[in-house]
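A.B. asks: Just need the structure, nothing else, for what follows:
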Amino acid sequence: MPMLPRAVLFSCVFAVFSGAQALAQGAPPAPPVTVAKPVVRDVVDSDEFIGRFQAVDEVSVRSRVGGYLQEVHFKDGTMVKQGDLLFVIDQRPFITALNESTASLEVANSSLTLADAQFKRAQSLSTTGSQSASTLDDRRRDLVSAEANVRGAQAAVDRANLDMDFTKITAPLSGRIDRRLISVGNLVQADQTVLTTIVSLDPIDFYFDVDERRLLSYADEARKNGSALQQGGGGLDVTVTIADSKQKPFKGKLDFAENRVDNETGTIRVRASFPNPDLILQPGLFGRVQVQGSNSYKAILVPDEAIGSDQNQRVVYTVDTAGNITPKSVRLGPKLYGYRVIRDGMTGDETIVVNGLMRIRPGVKVTPQLIELPQQATNDEPPAQADAQGTNQ
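C.D. replies: Model (predicted):
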């Protein structure tokens, strides 16, 4: 029998010794994992949509009279109040027109005075037979014509005064004004040249599109409240978040929906109104709005880190008193109070692994370390009444 090489013989002896040592020491200890009961509490789901803020009122400021721009009375980008003076058109041509129309009115009044005196004289003479009836008719016609001339001249004066007033362009609404779009000395075309724009900021509207399925659900809830979705669904509470994570969600109410579904998109445009006293929300700003999508119900909430993946399924791992691990397939819902809603697959009585999923292996027992999850994992207030946040997944 040939002799084994010394190196091979040493390896075999070492392997036998190591195996015997492992048997003597026993199996490796069960890895420790953190476990807890899921949070079970009343919640209200919300549906999330992306939309954009728009000003309740927006106006392009134009001049009602033509002329050369003479004065600008505001600073670009400031807040203005309704009635504030913004621009002045060169008034000299309009002063001339007013003086001319005033003079024409005086001439017309003078002609009216003469025609009235002549008519009264002819009327007095006609009663004694000293004046013919035809002459009286002529005097009556002259009087009526003179009265008409006075009314026409007075209208010209009124129009000249109105044009004078229009040379001073004031803010038609309160809000934030844009920059001036034309400089002093340029010609302004009546009713055409845009001088600047003004948008209102408080309150501010938010528009978003709702699909048919959720539209029918909202409309049903609105009818239960004795209202119609087109009238705001009875003032349904909504919240909106913007890109600035430091800002808390803004609270508002639905107040309008269009009266038909768009044929091309199958959606309907809905509007919510938000108070904006600090002027943080701006027209054109994007946001995510949460609308209450269900009645209150008991929800099972687990941390996101307690959810694992098994191929194309989401699973959580339950632990029994002996430390045995059992995976459970679950269906996820929105994220509320810093936790993930479990739609299906759990009863809420299980003990689940919340930390240490990487230590879990099939057939391996664990050492559970029980903790208690708080009712709310974050300080964020859930939107809409009770307060659900996020989108169904």
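A.B. asks: Of all the strand elements in the protein, which one is longest?
C.D. replies: The longest strand of the chain (DSSP state E) is strand 325-336.
A.B. asks: Can you list the strands that that one pairs with?
C.D. replies: strand 313-319 (antiparallel), strand 339-344 (antiparallel) (DSSP bridges).
A.B. asks: can I get those in a markdown table with mean neighbour count and distance to residue 298?
C.D. replies: Any C-beta I mention is one placed from the backbone N, CA and C, and that applies to glycine too. Formatted as a markdown table, the strands paired with strand 325-336 follow (neighbours: other C-beta atoms under 10 Å; distance: least, C-beta to C-beta, whole Å):
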| stretch | mean neighbour count | distance to residue 298 |
| --- | --- | --- |
| strand 313-319 | 19 | 18 |
| strand 339-344 | 20 | 11 |
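A.B. asks: As TSV, these with distance to residue 242 and mean pLDDT would be great.
C.D. replies: As requested, the strands paired with strand 325-336 are arranged in TSV below (distance: least, C-beta to C-beta, whole Å; pLDDT from 0 to 100):
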stretch	distance to residue 242	mean pLDDT
strand 313-319	30	88
strand 339-344	23	86
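A.B. asks: Out of those strands, which is closest to residue 287?
C.D. replies: With C-beta to C-beta as the criterion, residue 287 lies closest to strand 339-344 of the strands paired with strand 325-336, at 22.8 Å.
A.B. asks: now the strands for the stretch 51-200 of the chain?
C.D. replies: Counting by DSSP state E, counting those that start in this stretch, the stretch 51-200 of the chain has strands at residues 58-62, 67-72, 79-80, 85-89, 168-170, 175-177, 187-188, 194-199.
A.B. asks: tell me what the fifth one is packed against?
C.D. replies: Meaning strand 168-170. Using 3 or more C-beta pairs under 8 Å, 6 or more residues apart in numbering; DSSP states H and E, the elements in contact with strand 168-170 are strand 85-89.
A.B. asks: Now tell me what touches stretch 246-255 from outside.
C.D. replies: 206, 229, 231-233, 235-242, 270-276, 280-281, 290-291, 380-381, 383 (C-beta atoms under 8 Å, 6 or more residues apart in numbering).
A.B. asks: Tell me where the stretch 1-150 of the chain has helices.
C.D. replies: Secondary structure of the stretch 1-150 of the chain (DSSP state H, counting those that start in this stretch): helices at 6-25, 92-128, 133-166.
A.B. asks: rewinding a little: now, the contacts of stretch 246-255 that are in strands?
C.D. replies: Mapping the contacts of stretch 246-255 onto strands (DSSP E) picks out 206, 237-241, 270-274, 290-291.
A.B. asks: one step back: residue 133: which of the strands paired with strand 325-336 is closest?
C.D. replies: strand 339-344 (99.7 Å).
A.B. asks: following that closest one, which helix or strand comes up?
C.D. replies: The element immediately downstream of strand 339-344 (helix or strand, assigned by DSSP states H and E) is strand 352-355.
A.B. asks: What pairs with the following helix or strand past that following strand, parallel or antiparallel?
C.D. replies: Next in sequence after strand 352-355, counting helices and strands by DSSP H and E, comes strand 367-371. Sheet pairing for strand 367-371, assigned by DSSP bridges, gives strand 32-36 (parallel).
A.B. asks: low pLDDT regions in the stretch 101-250 of the chain?
C.D. replies: For the stretch 101-250 of the chain, applying pLDDT under 70 flags the ranges 129-131, 232-234.
A.B. asks: could you redo the last one with a cut-off of 50?
C.D. replies: Low-confidence segments of the stretch 101-250 of the chain, defined by pLDDT under 50: none present.
A.B. asks: picking that back up, dump the strands paired with strand 325-336 into TSV; add distance to residue 133 as well.
C.D. replies: As requested, the strands paired with strand 325-336 are exported to TSV (distance: least, C-beta to C-beta, whole Å):
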stretch	distance to residue 133
strand 313-319	108
strand 339-344	100
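A.B. asks: Let me know which of these is the nearest to residue 89.
C.D. replies: strand 339-344 (62.7 Å).
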